[in-house]
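Student: Pasted the sequence and its predicted model underneath.
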Amino acid sequence: MKTIQYTIRNIPRPVDRYLRKLAQLSGKSLNQVIVEELSEKVTGSSTPVGNSLDWFIGSGIDDVTLHALEQEDKTQKELASKELHDAS
């Protein structure tokens, strides 16, 4: 099967954080996670593609989960910064 490549811009920060966290937790590449999420949405939905993108812009992420992901992201950045500083 021939594959098609996309370049997607202007991804909302909550969506980016969610997808990156999902990739990290699953041990998959960001690309693989995005392809799987899009494929699941398209094949697992009775809604025709293009009717609604609410699922893609983060409406399915509740505030508590989003806050937890933001805190984890902040912690990971702090740890990476500390490791970089300690290594130099």
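Tutor: On my side now, so go ahead.

Student: drop to CA atoms for contacts and neighbour counts, all remaining ones
Tutor: Will do.

Student: what about Thr11, which SS state?
Tutor: Check again: residue 11 is Ile, not Thr. coil (DSSP: H, G, I helix; E, B strand; the rest coil).

Student: mind checking pLDDT for it?
Tutor: What the model reports for Ile11 is a pLDDT of 91.

Student: same thing with the one 5 residues further on?
Tutor: The score at Asp16 is 91. That number is its pLDDT.

Student: repeat for Val42
Tutor: So, for Val42, pLDDT stands at 79.

Student: State the distance from it to Val15.
Tutor: In this view, Val42 and Val15 are 17 Å apart by C-alpha to C-alpha, to the nearest Å.

Student: Look at these two and report which has more neighbours.
Tutor: Under the neighbour definition other C-alpha atoms under 10 Å, Val42 and Val15 were set side by side, and Val15 has more, 17 against 14.

Student: does Val33 count as helix, strand or coil?
Tutor: Classification of Val33 by three-state DSSP places it in helix.

Student: Correction: the previous question concerned Asp73.
Tutor: On the basis of three-state DSSP, Asp73 is classed as helix.

Student: Relative to Thr43, how far out is it?
Tutor: Taking C-alpha to C-alpha, one finds Asp73 at 30 Å from Thr43.

Student: The two - which one has more neighbours?
Tutor: More neighbours surround Asp73 than the other of Asp73 and Thr43, with 16 against 11 (other C-alpha under 10 Å).

Student: so who does that one touch?
Tutor: Arg17 (C-alpha atoms under 8 Å, 6 or more residues apart in numbering).

Student: go again using 10 Å as the cut-off
Tutor: Residues near Asp73 by C-alpha atoms under 10 Å, 6 or more residues apart in numbering: 17-18, 20-21, 67, 79.

Student: Now do the spatially most central residue of the chain, the pLDDT please.
Tutor: What sits nearest the mean C-alpha location of the chain, by C-alpha atoms, centre = their mean, is Leu19, with 1.0 Å. On pLDDT, Leu19 comes in at 90.

Student: which residues touch it?
Tutor: If you count contacts by C-alpha under 10 Å, 6+ apart, then Leu19 has 13, 25, 29-31, 33-34, 37 around it.

Student: Flag every buried residue along the helix or strand of the chain with the lowest mean pLDDT.
Tutor: Lowest mean confidence among the helices and strands of the chain (mean pLDDT, DSSP states H and E): helix 63-87, at a mean of 80. Residues 66, 69-70, 73 are the ones in helix 63-87 that count as buried (16 or more other C-alpha atoms under 10 Å).
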